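# Fold the following, please.
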Amino acid sequence: LNTLSLHDALPIFFDKFILFLLVIVIISLLFFSCWSVISRLMQTTNLWAEPLMRHLVFLSLFLGGTLAIANDQHIRMDLISRYLELKERKKTEAFLISILYLLCVVFLVYLVKASYGYMLLEKETPSDAFLTLELHHMLFIIPFGLSLMSLRFFTQALDKFVFIFTLEKKIKVSKRVIRE
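Just a heads-up that it's a prediction; the model follows:
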């Protein structure tokens with residue numbers, strides 16, 4: 001029987017939830033795009049459709065970025081790891097990647113703070129985005145999406161650190177077995 005620990009199950013649940021949200025957002029984008037085209041053909045105006053679609057695109061970018069980080073499908077340069085010795089490559093590469101991920105977390109936290117400040121600045125000058133929502137409500141997508149990405153980078157960095165320490169234990173055990 002294969003059971004998952006909380007450490008393994010939580011990221012899987014988180015990624016499935018993000019994927020579910022992404023599918024909902026993309027279906028909504030398709031629906032509102034078709035609605036916008038049909039309403040233009042009928043010569044009616046929907047002033048709320050364009051801003052809604054623009055913010056849904058923002059949300060889909062952040063959700064997709066979060067999934068790319070989770071699946072290690074983001075852009076990464078592996079220049080340093082090419083010059084490392086083969087026996088130390090995995091450990092050193094995991095250490096370097098975890099440090100880079102933590103730097104990404106710091107940068108994203110700074111961006112979350114800046115985007116939250118921008119959202120509060122927009123709150124001072126109220127303007128309608130669509131229907132009854134104001135623009136600052138829709139701008140909440142930006143700090144929310146950046147927070148999701150920073151959380152995912154942080155969990156990926158922790159996974160790399162765990163990999164380093166479990167690899168260290170495996171190497172010690174294998175050396176002991178070889179000596180015996």
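# how near is the residue sitting nearest the centre point of the chain to residue 41?
Residue closest to the mean C-alpha point of the chain, counted by CA atoms, centre = their mean, is residue 66 at 1.9 Å. Distance, residue 66 to residue 41, using CB to CB, to the nearest Å: 36 Å. Heads up, the C-betas are built off the backbone N, CA and C, glycines and all.
# Go through stretch 12-32 and flag the buried ones.
The neighbour-count check on stretch 12-32 (16 or more other CB atoms under 10 Å) flags 14, 15, 18, 21, 22, 25, 26, 29, 32 as buried.
# Would you mind listing the residues in contact with the fifth one?
Residue 22 makes contact with 60, 63, 64, 67, according to CB atoms under 8 Å, 6 or more residues apart in numbering.
# quick one: which of those residues sit in helices?
If you go by DSSP state H, the contacts of residue 22 have 60, 63, 64, 67 in helices.
# Surely the second one touches residue 23?
When you say that, I think you mean residue 63. No: with contact taken as CB atoms under 8 Å, residue 63 and residue 23 are classed as non-touching, separated by 9.4 Å.
# After the helix or strand of the chain with the lowest mean pLDDT, which helix or strand is next?
Using mean pLDDT, DSSP states H and E, strand 128-130 stands out as the lowest-scoring helix or strand of the chain, at a mean of 67. With elements assigned by DSSP states H and E, the helix or strand that comes after strand 128-130 is strand 133-134.
# so what strands line up beside that following strand?
Applying DSSP bridges, strand 133-134 is found paired with strand 128-130 (antiparallel).
# I'd like to know how far residue 142 sits from residue 136.
11 Å.
# list residues touching both of those two?
Contacts common to residue 142 and residue 136, judged by CB under 8 Å, 6+ apart, are residue 119.
# I'd like the buried residues of stretch 12-32 as CSV, with secondary structure, distance to residue 152 and pLDDT appended.
Shown next, in CSV, are the buried residues of stretch 12-32 (DSSP: H, G, I helix; E, B strand; the rest coil; distance: CB to CB, whole Å; pLDDT from 0 to 100):
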residue, secondary structure, distance to residue 152, pLDDT
14, helix, 8, 87
15, helix, 9, 89
18, helix, 9, 94
21, helix, 14, 95
22, helix, 13, 96
25, helix, 17, 96
26, helix, 19, 97
29, helix, 22, 95
32, helix, 27, 91
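# Output the ones in helices among the contacts of residue 22 as a markdown table; include the columns pLDDT and distance to residue 112.
What follows is the ones in helices among the contacts of residue 22, written out as a markdown table (pLDDT from 0 to 100; distance: CB to CB, whole Å):
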| residue | pLDDT | distance to residue 112 |
| --- | --- | --- |
| 60 | 95 | 19 |
| 63 | 94 | 16 |
| 64 | 93 | 18 |
| 67 | 92 | 19 |
